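1. no sequence for this one, just the structure:
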Ligand code: FES
Ligand SMILES: [Fe+2]
């Protein structure tokens, strides 16, 4: 029997399912439809709050083609607006900067408060007249986008239709409850953040991150102490990934990072790596955590922004340098497979591929989620 929906094959049981068709990787139109459903219609990662440490700090970020403005308002609250002036649609903030006073549009100088309120419209009523009774300023505030900060990641729901973040990601929040900042202590962002540029569709980075199957071949260094058999799968409706039972803390000259407070024994040797659908990859360990924001730049290019966090401000630069270099090395090892799978998706004979029933459950879970979001 022929499946009616183009993604019906993805929704079959793991052993019979096919992966997402090539068009989801190589066709800009399909990519745009998909982006609307899975990047703008859910809670996607946009940035981290540490990028706007002080009131007035503003960073423009584009998500799936939508220009957004990440901002810390005058009272210290993180907010996200559409980065566009309500007058003639000029981009408001073109580069990261600290806003002193108000956000001033560079075109005709309409000004907005850091809470998005239109506060000044010079000469709008003619020379020397800064108001015009025909124009009601009160409905010309900036369009604010729903945002929610979790583990320092600023998640946004651009189309406004998603359930509250705490509901959408309830299972993962519960899974990692021990790491919540009110229990484990604050996350301290390390300045050694870095970005990788990858010539591949953002989903391939998720798919690869979810599984440990590739460890022996792609990460022989990691695999030497954390073997395939030390890993377990994590699968859930809105996140999936893997965990290891043999996390070994980094040690340099007898020094280690401190631990997060109050963790249970499980975390003495466990670590978990989870894709928070759609585009955030997170890792937690007893002594550090990280978040990777996958920012699509079109259908075939992705920027991976990696942010590392510790339980306390970094005291030992050697240790932190080493840890950042370690992770950079691991993530760089993954680049050639993401780029290779992207290139492979131009082969018309590729039907989306198959999944190892034993090893690829978490990757299939992601495809299944995409297919569901797209109505399959
Ligand atoms: S477009 Fe912004 S003030 Fe005219
Ligand atoms: Fe990997």
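-> Sure thing, it's come through. The structure presented is a predicted model; accordingly, all values stated were derived computationally and were not measured. Numbering: from 1, shown residues only. Ligands and ions are numbered 1, 2, ... in the order given.
2. Which residues are in contact with residue 112?
-> 92, 102-103, 105, 118-119, 141-142 (C-beta atoms under 8 Å, 6 or more residues apart in numbering). The way it works is simple: take the backbone N, C-alpha and C, and place the C-beta from them, glycine included.
3. 6 Å instead, please
-> Residues near residue 112 by C-beta atoms under 6 Å, 6 or more residues apart in numbering: 103, 118, 142.
4. and it, what are its phi and psi?
-> Dihedral pair for residue 112: phi -120, psi 140, per degrees, to the nearest 10.
5. Kindly report the same for residue 76.
-> phi 90, psi 0.
6. coming back round to it: with respect to residue 352, which of the contacts of residue 112 is nearest?
-> Comparing the contacts of residue 112 against residue 352 with C-beta to C-beta places residue 142 closest, at 41.2 Å.
7. quick one, what contacts the residue nearest to that closest one when sequence neighbours are not counted?
-> With C-beta to C-beta, 6 or more residues apart in numbering as the criterion, residue 142 has its nearest non-adjacent residue at 3.7 Å, and that residue is residue 116. Residues near residue 116 by C-beta under 6 Å, 6+ apart: 81, 141-142, 144.
8. and these as TSV, adding neighbour count, pLDDT and secondary structure?
-> Shown next, in TSV, are the contacts of residue 116 (neighbours: other C-beta atoms under 10 Å; pLDDT from 0 to 100; DSSP: H, G, I helix; E, B strand; the rest coil):
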residue	neighbour count	pLDDT	secondary structure
81	24	98	strand
141	16	98	coil
142	23	98	coil
144	15	98	strand
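9. which one of those residues is nearest residue 220?
-> Nearest member of the contacts of residue 116 to residue 220, counting by C-beta to C-beta, is residue 81, at 45.9 Å.
10. Alongside ligand 1, which residues does the stretch 1-150 of the chain contribute?
-> Proximity of the stretch 1-150 of the chain to ligand 1, by C-beta under 6 Å from any ligand atom, involves residues 85, 87-88, 90, 105, 107-110.
11. Is it possible to mark the buried ones in those?
-> With burial judged by 16 or more other C-beta atoms under 10 Å, the buried subset of these is 85, 87, 105, 110.
12. now the strands for the stretch 101-250 of the chain?
-> Secondary structure of the stretch 101-250 of the chain (DSSP state E, counting those that start in this stretch): strands located at 103-104, 111-112, 118-120, 144-150, 153-157, 188-189, 194-198, 231-236, 239-244.
13. which secondary structure elements does the last one contact?
-> The one in question is strand 239-244. strand 231-236, strand 271-276, helix 361-373 (3 or more C-beta pairs under 6 Å, 6 or more residues apart in numbering; DSSP states H and E).
14. Generate JSON lines for these, with mean neighbour count, mean pLDDT and distance to ligand 1 as supplementary columns.
-> Below are those laid out as JSON lines (neighbours: other C-beta atoms under 10 Å; pLDDT from 0 to 100; distance: least, C-beta to the nearest ligand atom, whole Å):
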{"stretch": "strand 231-236", "mean neighbour count": "17", "mean pLDDT": "95", "distance to ligand 1": "44"}
{"stretch": "strand 271-276", "mean neighbour count": "23", "mean pLDDT": "98", "distance to ligand 1": "35"}
{"stretch": "helix 361-373", "mean neighbour count": "22", "mean pLDDT": "98", "distance to ligand 1": "35"}
